[in-house]
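Enquirer: Give me the fold of what follows.
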Amino acid sequence: MRNNIKNSYRINFVVKKFYSYRVFCSIRKYINYVSAFQKKVTEKNPDGMVMGFLSNHDMDRIAGAFILDSNMRMAANLYLLAPGSPVIYYGEEIGMRGSRGSEMTDANRRLAMLWGDEDFIRDPVGATYPADKQIDSTVASQLDDENSLLRYYCQLLTLRHTYPAIARGTYTSIVTKEKTFGGFSIDYAGETILLLHNNGTAAVTYDLKVYGVSALCDYIGMSDAVLEGSVLTLGPQTSAILE
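Expert: Got it, this is the predicted structure:
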């Protein structure tokens with residue numbers, strides 16, 4: 001159990017490192033780590049699974065590490081469209097902030113959920129996180145906003161459930177010469193899909209002929225995706241699923 005927790009932190013570190021301040025950094029380390037870690041887990045226990053997360057109750061909330069909302073969405077792509085069972089720390093899906101601060105109190109990491117329905121939930125004893133640094137939206141308001149982070153998380157989870165291979169398949173790295181583009185070939189139940197990410201700030205065009213792709217199934221992110229023959233053009237901070 002301890003090793004599983006340790007490696008989950010490692011997944012968090014890899015995602016956070018590349019999507020906090022340098023959203024255009026090379027994605028190769030993330031890709032290679034995910035496939036290698038999944039292999040390591042299944043070699044020790046065929047029924048074992050990866051449990052990735054962006055933050056938890058013992059860490060500063062992840063939204064505070066990102067400069068742009070688009071970075072938060074791309075980071076969500078990377079760990080929700082990944083093998084195993086992801087763990088969403090409450091409030092992450094609406095971008096709640098909270099950090100220990102100079103008072104060094106974990107209460108600031110465990111603030112009351114912002115439901116927005118006139119509930120009476122209060123922050124834990126010892127919380128000192130400044131109200132002017134917190135987001136000004138709630139679950140209720142984000143549900144009414146089709147462009148909100150919460151609605152984006154809902155779309156991501158729907159996509160994840162549409163393709164069982166994402167959670168249950170065997171991942172093989174697809175590393176390219178493009179610094180911000182790559183992903184996985186995923187085998188599950190006798191079928192193969194490709195899951196590709198562009199974490200950069202510009203579109204990437206790449207020929208996938210060697211993988212025998214025939215269709216662009218879905219995409220999600222800040223831009224779009226177009227498949228012409230075997231050539232995929234994937235917009236910035238966007239992920240695509242192909243077969």
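Enquirer: Which residue is the nearest non-sequential neighbour of the residue nearest in space to the middle of the chain?
Expert: Nearest to the geometric centre of the chain sits residue 76, at 2.3 Å (C-alpha atoms, centre = their mean). Sequence neighbours aside, residue 156 is the residue nearest to residue 76 in space, at 5.9 Å (criterion: C-beta to C-beta, 6 or more residues apart in numbering). (Glycine included, C-beta is placed from N, CA and C.)
Enquirer: dump the residue contacts of that neighbour.
Expert: By C-beta atoms under 8 Å, 6 or more residues apart in numbering, residue 156 lies in contact with 76, 77, 80, 81, 220.
Enquirer: repeat for residue 145
Expert: 137, 151.
Enquirer: Over to it. Which of the three states is it?
Expert: Reduced to three states with DSSP: H, G, I helix; E, B strand; the rest coil, the structure at residue 145 is coil.
Enquirer: For it, give its distance to residue 114.
Expert: Noted for residue 145: a distance of 14 Å to residue 114, by C-beta to C-beta, to the nearest Å.
Enquirer: shared neighbours of these two, anything?
Expert: With C-beta under 8 Å, 6+ apart, residue 145 and residue 114 have common neighbours residue 137.
Enquirer: and stretch 141-159, which residues are buried?
Expert: 142, 148, 149, 150, 152, 153, 156, 157, 159 (16 or more other C-beta atoms under 10 Å).
Enquirer: Could you dump those residues into CSV with distance to residue 123, secondary structure and pLDDT added?
Expert: Output for the buried residues of stretch 141-159, formatted as CSV (distance: C-beta to C-beta, whole Å; DSSP: H, G, I helix; E, B strand; the rest coil; pLDDT from 0 to 100):
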residue, distance to residue 123, secondary structure, pLDDT
142, 20, helix, 98
148, 23, coil, 98
149, 21, helix, 98
150, 21, helix, 98
152, 26, helix, 98
153, 23, helix, 98
156, 28, helix, 98
157, 27, helix, 98
159, 34, helix, 98
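Enquirer: show me the residues around residue 236 that make contact.
Expert: In this structure, residue 236 makes contact with 198, 200, 201, 202, 203, 221, 222, 223, judged by C-beta under 8 Å, 6+ apart.
Enquirer: one more time with 6 Å, if that's ok
Expert: The neighbours of residue 236, taking C-beta atoms under 6 Å, 6 or more residues apart in numbering as the test, are 200, 201, 202, 223.
Enquirer: And for the third one, the neighbour number?
Expert: I take that to be residue 202. Number of residues near residue 202 (other C-beta atoms under 10 Å) recorded here: 10.
Enquirer: my read is it is in a helix, agree?
Expert: No. Under the criterion used here (three-state DSSP), residue 202 is coil, not part of a helix.
Enquirer: how near is the closest residue to it other than its chain neighbours to residue 198?
Expert: Leaving aside its sequence neighbours, residue 202 sits nearest to residue 236 (C-beta to C-beta, 6+ apart; 5.7 Å). Distance, residue 236 to residue 198, by C-beta to C-beta: 6 Å.
Enquirer: Could you chop the protein up by domain?
Expert: 2-161, 165-242 (automatic domain parsing).
Enquirer: So residue 238 is in contact with residue 223, correct?
Expert: Yes. Using C-beta atoms under 6 Å, residue 238 makes contact with residue 223 at a distance of 4.6 Å.
Enquirer: Least confident of the domains of the chain, on average?
Expert: Here the lowest mean pLDDT among the domains of the chain goes to domain 2-161, at a mean of 87.
Enquirer: and that domain, how far out from the chain's middle?
Expert: 8 Å (C-alpha atoms, centre = their mean, to the nearest Å).
Enquirer: on that earlier part again, need the three-state assignment for the residue nearest to the centre of the chain.
Expert: Classification of residue 76 using three-state DSSP returns helix.
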